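Sequence first, predicted coordinates after that:
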Amino acid sequence: MASRIGTFFSHTAYFTTVLILTVIGSASIVIGFIGLGLYIPTLKNYESYAQSTCTIIDHEYDSCGHGISLSATSCFSVMWSVQYTVSNSASDSYVFSTITQIYQESVDALNRLNEYQVNTNYTCYYQKNNLTNVQWDEPPLATPFLIMLIVGFSFASVYFVVIGIILICRCRTRNK
C-alpha cells in the first residue's frame, strides 16, 4: 500500500513538473516569436531614418476642429516649416519640409511650440527614401524587442534541455 501511495505521488509530481515546465516553455516560445515579430519591422523603420539638423523657418498653431465647436474630441496641431541638409554621396542638398504634430491638449501643443522656436536649430530625423518626411523624435529603437526575443528563446531552449533531461532520466528508471 505504501509503495502505491509513493508511486502515486511520484507520478503526480512528475506530471505536475512537466505541465508547469510546458506552460513556461510555451509562454517563452510565444514571447520569443512576438519579440521577433516586433524586432524586424522596428529595426527596418529605425534604419530608414537619418539624423540631420533642422532650422525652423516658421511655425503655425491651430485647432483641428477648424471652426467647429470644441468638444472632448478636439485636438490641436503644431506645424513647423523647417530646412535641413541631406547628405548623400554626390553632394549635400537642402530640403524644405513641414513637421506636424497633433496634441489632445492645447497646453501640450503650446509647450511644444515654445520648445522649438523660429530661427533656431534642432536635431531632426528624415526618412531616407522620402526626404520630405521629417520628425523631431528619433524613431524607436529595436533593442527592447531584441531583448524580448533573446529572453524568450533562451527560456525556450532551457525548457527543451530540462524536458530532455527529465525524459532521459524517466526512461532510464523505467528500464531498470
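Noted; the coordinates are in hand. Worth saying up front: this structure is predicted, and the values here are computed from it rather than measured. Residues are numbered from 1 along each chain as shown.

For the lengthiest strand in the chain, what is the distance to the chain centroid?
Selection of the longest strand in the chain by residue count, based on DSSP state E, yields strand 49-63. In this view, strand 49-63 has its centroid 25 Å away from the chain centroid, taken as CA atoms, centre = their mean, to the nearest Å.

what's the pLDDT at L70?
According to the model's per-residue confidence, L70 sits at a pLDDT of 50.

what's next to the longest strand of the chain, contact-wise?
Surrounding strand 49-63, the residues in contact under the criterion CB atoms under 8 Å, 6 or more residues apart in numbering are 70, 74-87, 96, 99, 106, 109-110, 113, 116-128, 134, 136, 138-139. Just so you know, the C-beta spots here come from the backbone N, C-alpha and C atoms, and that holds for glycine as well.

6 Å instead?
Around strand 49-63, the neighbours that count as contacts under CB atoms under 6 Å, 6 or more residues apart in numbering are 76-85, 113, 116, 118, 120-122, 124-128, 139.

Now, those that are in strands?
Among those, the members falling in strands are 76-85, 121-122, 124-127 (criterion: DSSP E).

quick one on the thing from earlier: which residues belonging to the longest strand of the chain are considered buried?
Y49, S52, C54, T55, I56, H59 (16 or more other CB atoms under 10 Å).

packing partners for the helix or strand encompassing F160?
With the criterion set as DSSP states H and E, the secondary-structure element containing F160 is helix 143-175. Helix 143-175 is packed against helix 2-47, with contacts defined by 3 or more CB pairs under 6 Å, 6 or more residues apart in numbering; DSSP states H and E.

Could you check the angle the helix it packs on makes with helix 143-175?
Between the axes of helix 2-47 and helix 143-175, defined by axes from the mean of the first three to the mean of the last three CA atoms, to 10 degrees, the angle is 160 degrees.

distance between helix 2-47 and the chain's centre?
That offset, for helix 2-47, works out to 23 Å (CA atoms, centre = their mean).

related to what we said a few turns ago, can you say which of the ones in strands among the contacts of strand 49-63 are buried?
Neighbour counting by 16+ other CB under 10 Å classes F76, V78, W80, S81, V82, Y84, Y122, C124, Y125, Y126 among the ones in strands among the contacts of strand 49-63 as buried.

low-confidence ranges in the chain?
1-10, 65-73, 89-91, 176 (pLDDT under 70).
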